[in-house]
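# fold the following, please.
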Amino acid sequence: MSIATDQRHLLSRLQHEWNHLAHSPSALSTARSWPLVIERFDSLDDLLRAAGYGRVQQGRHDDDEVLGGLVQLAREHDLAARVVLQRLLPGISSVSRRRARHSGCPLEAVDELLAAAWTVIRTFDVERHPAYVAATLLRTIEYHAFRREHRRKAQFIPIATDTFDHLPAPVDTPAPIDEWRDLMADAAAAGMAPADLELVDRLAHGESTQAVAATRQVTDRTIRNHRRAVVHRLRELTRATR
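Below is the predicted model of the structure:
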């Protein structure tokens, strides 16, 4: 299977999901309740176009206002995050093709970008970057997916030579529930969105992705993508605090 075919296979599934979501009356009703600068839209596709999807001229002021409003809403609303993701898919596809030519792993490139995309969308500070929102989001996604890990540097701390002669102090092993609470507290302190914390908590307590999707008025695949991104971020947080 060629690189282009591999990428189309994954990205076309997201497009198929969007086609289903865009014709959902409940999703449209939810989107119309949002405080956006656009006065009216008759479908989620109209909202997507108002955010700049398919425009030849990128970075227009009105596009940035609509997309910026959606990014702000995405902190709490899965549906808004999904609209933003759909807006960015052409750019994500372009970046993945470029990255795949170097790595030879097209699906891995798409997977890394999509996992990073969900996290970036949910945490992006649009107040600091109100212009060229789409382009800035794409640069940030690529950085989180491929460059951030390579920028980590080892830190060497000098230790007295006799330290290793001392007997280690006994270690109290925390209960799993205490470790879980500590991890959630660390995640909240690190700025993880409340909606992300709620999702992982619900799934950790046995709720299915289908049940969560029903309450959030999105598809099961959206919740599974969201779960994957949240788990990815929690793993990064765990590594950073070790």
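# low-confidence ranges, the chain, go.
1-9, 56-61, 102-107, 148-180, 238-242 (pLDDT under 70).
# kindly recompute the last result at 50.
Residues of the chain meeting the criterion pLDDT under 50: 1-7, 150-154, 163-164, 171.
# does the most centrally placed residue in the chain sit in a helix or strand, and which one?
By Cα atoms, centre = their mean, the chain has its centre lying nearest to Trp118, at 1.2 Å. Assigned by DSSP states H and E, Trp118 belongs to helix 106-123.
# do the same with Leu36
Applying DSSP H and E, one finds Leu36 in no helix or strand.
# which outside residues touch the helix holding Trp118?
If you take Cβ atoms under 8 Å, 6 or more residues apart in numbering as the criterion, helix 106-123 is touched by 3-4, 6-7, 10-11, 14, 71, 74-75, 81, 84-85, 88, 92, 95-97, 99-100, 103, 137, 140-142, 144-146, 191-193, 195-196, 225-226, 228-230, 232-233. The way it works is simple: take the backbone N, C-alpha and C, and place the C-beta from them, glycine included.
# quick one: which of those sit in helices?
3-4, 6-7, 10-11, 14, 71, 74, 81, 84-85, 88, 92, 95-97, 99-100, 103, 137, 140-142, 195-196, 225-226, 228-230, 232-233 (DSSP state H).
# buried subset of those as a ChimeraX selection?
Buried residues among the ones in helices among the contacts of helix 106-123 (16 or more other Cβ atoms under 10 Å), as a ChimeraX selection:
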select :3,6,7,11,14,71,74,81,84,85,88,92,95,96,99,100,137,140,141,142,195,196,225,226,229,230,232,233
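# can you tell me how far Val126 is from Arg75?
Remark: distance between Val126 and Arg75 (Cβ to Cβ, to the nearest Å) = 10 Å.
# from Arg40, how far off is the residue nearest to the centre of the chain?
Distance from Trp118 to Arg40, by Cβ to Cβ: 28 Å.
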